[in-house]
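**Student:** All I have is the shape, not the residue letters:
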C-alpha cells in the first residue's frame, strides 16, 4: 500500500501492483499414479466415510498462493516450472475443489478408476442405469452435458460437468429445486432421488444393482 500526497494537500492510498503468476494449463493430463497413494486414498475414505481424491500438486499450490501472492512466491513458482517439479500428487477432499471448481482430480474413491475418460464413462453408464437419458444437444465430455428422467408429471434433470461434478434438479407441477450438487456419489444420488420421487422413481431398480 502506497501513501500519495495530492497537490491539494490531501492524502490518498494506492495498492501496490500485485505480482503475476505464470499461466498454467489447467487441462487434465494423463498420469501414472503410484499404487501406494491410491491405497492410502482408499484407507482414508473408509476411515472417515467420505470421498477422497488424488490431486496435482502444482494446481493445488497455485490455488493456495493465488490470493496472497508475493514477489518471492511468484519467483519460486517460476523456478519450479523451469525445473519441472509439477508431476507430484497428494490426497485431498472435496474442499480442494473450492479454490478452482473446474479442476480435475486424477483418482477418486467413488469411481475407483484412473483416466479422465474411463472415469467419465463410468459415471454416464451409472446415470443410464438409474434411468437418465442424454439430451440430444449433448456434444461430448469436454462440455457440460444434460440428462433427463420423466415420470408422469415430474422429472429429474441432471447436469454433468467434465470433472464429474453433478447437479440433479427435481421438477413437478408445483416447483423446481436442486436435490443434489457436488462430486458424483453413486449411493447418495440414488437415495436422494428415491426419497424425493418415491416408488415412481425406484420402479424395478435395486440398490445392489446400481452400485455394481
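**Tutor:** In hand now; what should we look at? In this text the structure is predicted, and so the values were computed from the model without any measurement.

**Student:** Can you list the residue ranges for helices in the chain?
**Tutor:** 35-48, 57-66, 71-83, 116-129, 186-197, 199-202, 207-210 (DSSP state H).

**Student:** what's the least confident stretch among those?
**Tutor:** Sorting the helices of the chain by mean pLDDT places helix 71-83 lowest, at a mean of 47.

**Student:** Let me know the average pLDDT across stretch 99-107.
**Tutor:** Mean predicted confidence for stretch 99-107 is 88.

**Student:** can you pull the buried residues of that stretch?
**Tutor:** Using 16 or more other Cβ atoms under 10 Å as the test for burial, stretch 99-107 gives 103-107. Just so you know, the C-beta spots here come from the backbone N, C-alpha and C atoms, and that holds for glycine as well.

**Student:** is the residue lying closest to residue 105 once chain neighbours are set aside in a bridge, and if so with what?
**Tutor:** Excluding the flanking residues, the one nearest residue 105 by Cβ to Cβ, 6 or more residues apart in numbering is residue 53, at 3.9 Å. When assigned by DSSP bridges, residue 53 has beta-bridge partners residue 92, residue 108.

**Student:** how's this structure carved up into domains?
**Tutor:** Using automatic domain parsing, the domain ranges for the chain come out as 35-108, 116-210.

**Student:** In a markdown table, list those along with distance to residue 6.
**Tutor:** Formatted as a markdown table, the domains of the chain follow (distance: least, Cβ to Cβ, whole Å):
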| stretch | distance to residue 6 |
| --- | --- |
| domain 35-108 | 28 |
| domain 116-210 | 49 |
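
**Student:** Angles on the backbone of residue 161, please.
**Tutor:** With angles defined as degrees, to the nearest 10, residue 161 shows backbone torsions of phi -90, psi 160.
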